[in-house]
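[1] got a predicted structure plus its sequence, pasted below:
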Amino acid sequence: MSMPSPRPPHGAAPAAPEVTPGTGPDTTAGHGAAATRAPETPAAGLRFPPGFTWGAATSAYQVEGAAKEDGRGESIWDTFSRTPGRTRNGDTGDVAADHYHRYAEDLDLMRDIGLGSYRFSISWPRVQADGTGAPNQRGLDFYRRLVDGLHERGIAPMATLFHWDLPQALQDAGGWESRDVALRFADYAEIVFRALGDRVPVWLTVNEPKTVVQNGYLVGHHAPGRQDPAAAYLVAHHLLLAHGLAVAAHRAAGAGRIGPALNLHPCYPADDSPAAARAARIHDGYENRLYLDPVLTGRYPQDVLDDLGGDSRLARGIRDGDLAAIAAPVDLLAVQYYTPYYVTADGTTLPRWPTSQAAWQQIHPDGMYDILTRVTRDYGPVPLTVTENGLPTPDTLGADGTVDDAGRVSFLRDHLAAAHRAIADGVPLESYHVWSLLDNFEWDAGYDERWGLVHVDYQTQRRVLKRSAHWYRRVIAANGI
Ligand code: IFM
C-alpha cells in the first residue's frame, strides 16, 4: 500500500514560516486608516449574485460548553480532551464559549453582523446520551430555541448532524469501525428531522469525514486517538454510509435540503516531473475523490482501492447496496477550503506558501478557485456552499477595546475574490460561511488558536466584534467586496 502520508488539517506538519497575511491597512474597516489599499488587495467592487447568502459557522463541541447539563451524555471528545497530553494546555470543551447559555447574546451578534445563514452542529450526545434509544427532550429543546431565535432574527439555520462528537458509548461499542454506528446515526438523524425538520432549510450530514479518518485514525491527534491505517478506511466507508442513510431518512421526513460537508484540498504536483504528477493524482484520491466519488458518482476511486489492496478492510467492508445508499442524490455539496498540498514524486508534501498560526495551513486563495471550479467541472453543476473558510490569528483585545485582526480581513477578502471568480466562471456557489463566528475550542490546539470573527474572553465570556466582523458586516450589506 503506497498510501501517501497524509498532511491532514489540524496536523503539526512543518511548513513555511508563519506570517500574518496582509497586515496592510484595510480602508473599509472604519479604523481611521489612510485611504490606501494593501498591495495584495484584489480589485474592489466585486458584487456577488443577487440572493447570495453570507454566513458564519460553529460546531457544538467547540462552542457550547455545558458538558454535563440537561442530560447530555459523554462524547469521544470529552474523553479525549480530558486525557492528559492530548490537547494543548489540557484544554477541554467543558465550558468553551458557553454558547449553550449565551446563545441569545450570540444570536444578537449574528444579527448585528447581518448574517443571512448560521451553520451550527447538533450534539448527538445531547439528543441521545448514549447514541441510541429515546431522545433527550431537553437537548432537542435547546436546538429548537436556537433555531427559533435564528428565525426571529431573519437568519436561516443550517444544521450539521455530526461534527465529530460521537457518543462515547458508541465508541465503546466499536465507534465508526462498526457498521452498526452508521445505522444508529440514521436513527438519530430521523429523531432530529422529526424535531426540527420544519424549521431548518439546509441540513449537512457528516462534517469532514476525512478529518475523522486522518486525524482520528491515522495520525491519532484527534479523538479517538488511533493510529490504525487499516481501520481508517473502513471508518471512511461507515461515515459515508451514515451520510447516505441520513439522506434517505431525510427524504422520508421530507424537510429542506441536504448534503455532506467535505473539506477539499487541491493537490498540485510539486514539480514538473511525471512522477510528481502521478503522486499528486493519488494524493488527490485520498484527499478528495475518496469522498466525492462515492457520494456523487456511486463508486470509490479505483486507484485508491488498488492502492489500499484488494483485501483492505475498506474493500471487505463494502456490502451490496452500500454505494447506492451513499450516492443517494443530494441537494447541495458543502465545501470547506483551508489549504492546498504540493506533492513530490515520493508522495511527500512540501510547503509553498506562508502558513497561518496553524502550521498545517498554507495561505493560497487561488486554491479556493481551483477546488470550486474542479468540483463543478468533474462532478457537474451540483449547487455548492462554502461552509468553512478562515484562519487563526493571534488576536488580542487592545487598550481601546477593539481587536485588530487585519490578517483575517485580508485572508477573507482574497478568498472571497477567488470565490467570486469561480462564480463568474460558472460555479453554482450559493453561499459562503466564515469559520468561525466565535473564537472557540480548536480541538487538539485547545484555545490557543483564535478563529472567530468575534473575540471571546474565556475568563469573563465577554464577546467583542473584531475588525473582521465589522468588515464582514459591510461586505454583507454591499453583497460584495
Ligand atoms: O475548527 C475546525 C472545524 O471544526 C472543522 N474544520 C476546520 C476548522 C479549523 O481547523
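    Looks like it arrived, so ask away.
[2] what residues sit buried inside stretch 400-410?
    Neighbour counts over stretch 400-410 (16 or more other CB atoms under 10 Å) mark 402-410 as buried. Where C-beta positions appear, they are placed from N, C-alpha and C, glycine not excepted.
[3] put the alpha carbons of stretch 428-441 into PDB.
    Taking C-alpha atoms only, stretch 428-441 is exported to PDB below (Å, rounded to 0.1, in the frame of the first residue of the first chain):
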ATOM      1  CA  PRO A 428     -23.100  27.400  -8.800                       C
ATOM      2  CA  LEU A 429     -22.000  28.700  -5.500                       C
ATOM      3  CA  GLU A 430     -24.900  29.900  -3.400                       C
ATOM      4  CA  SER A 431     -23.500  30.900   0.000                       C
ATOM      5  CA  TYR A 432     -20.300  31.300   2.000                       C
ATOM      6  CA  HIS A 433     -19.600  30.800   5.700                       C
ATOM      7  CA  VAL A 434     -16.700  32.100   7.600                       C
ATOM      8  CA  TRP A 435     -15.100  29.700  10.000                       C
ATOM      9  CA  SER A 436     -15.800  30.800  12.700                       C
ATOM     10  CA  LEU A 437     -18.400  33.000  14.200                       C
ATOM     11  CA  LEU A 438     -16.700  32.800  17.600                       C
ATOM     12  CA  ASP A 439     -13.300  32.100  19.000                       C
ATOM     13  CA  ASN A 440     -13.600  28.500  20.200                       C
ATOM     14  CA  PHE A 441     -12.100  25.200  21.200                       C
END
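[4] so for that stretch, mean pLDDT?
    For stretch 428-441, the mean per-residue pLDDT is 99.
[5] gap between it and the chain center?
    8 Å (CA atoms, centre = their mean, to the nearest Å).
[6] that stretch close to the ligand?
    Yes: for stretch 428-441 and the ligand, the contact criterion (CB under 6 Å from any ligand atom) is met by residue 435.
[7] follow-up on the earlier one: same list (the buried residues of stretch 400-410) but as a markdown table, adding distance to residue 131.
    As requested, those are arranged in a markdown table below (distance: CB to CB, whole Å):
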| residue | distance to residue 131 |
| --- | --- |
| 402 | 43 |
| 403 | 38 |
| 404 | 43 |
| 405 | 38 |
| 406 | 43 |
| 407 | 40 |
| 408 | 36 |
| 409 | 41 |
| 410 | 42 |
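[8] tell me which parts of this structure are close to the ligand?
    9-10, 59, 62, 208, 336, 388, 435, 442, 451.
[9] if we use 8 Å, what do you get?
    Within the chain, the residues that sit near the ligand (CB under 8 Å from any ligand atom) are 9-10, 59, 62, 163-164, 207-208, 211, 263, 336, 338, 358, 361, 388, 390, 392, 435-436, 440, 442-443, 445, 449, 451.
[10] is it fair to say residue 161 lies in a helix?
    No: read with DSSP: H, G, I helix; E, B strand; the rest coil, residue 161 is strand and lies in no helix.
[11] what's near enough to touch it?
    Applying CB atoms under 8 Å, 6 or more residues apart in numbering, we find residue 161 in contact with 121-122, 124, 185, 188-189, 192, 203-206, 246.
[12] change it to 7 Å
    Residue 161 makes contact with 122, 189, 192, 203-205, 246, according to CB atoms under 7 Å, 6 or more residues apart in numbering.
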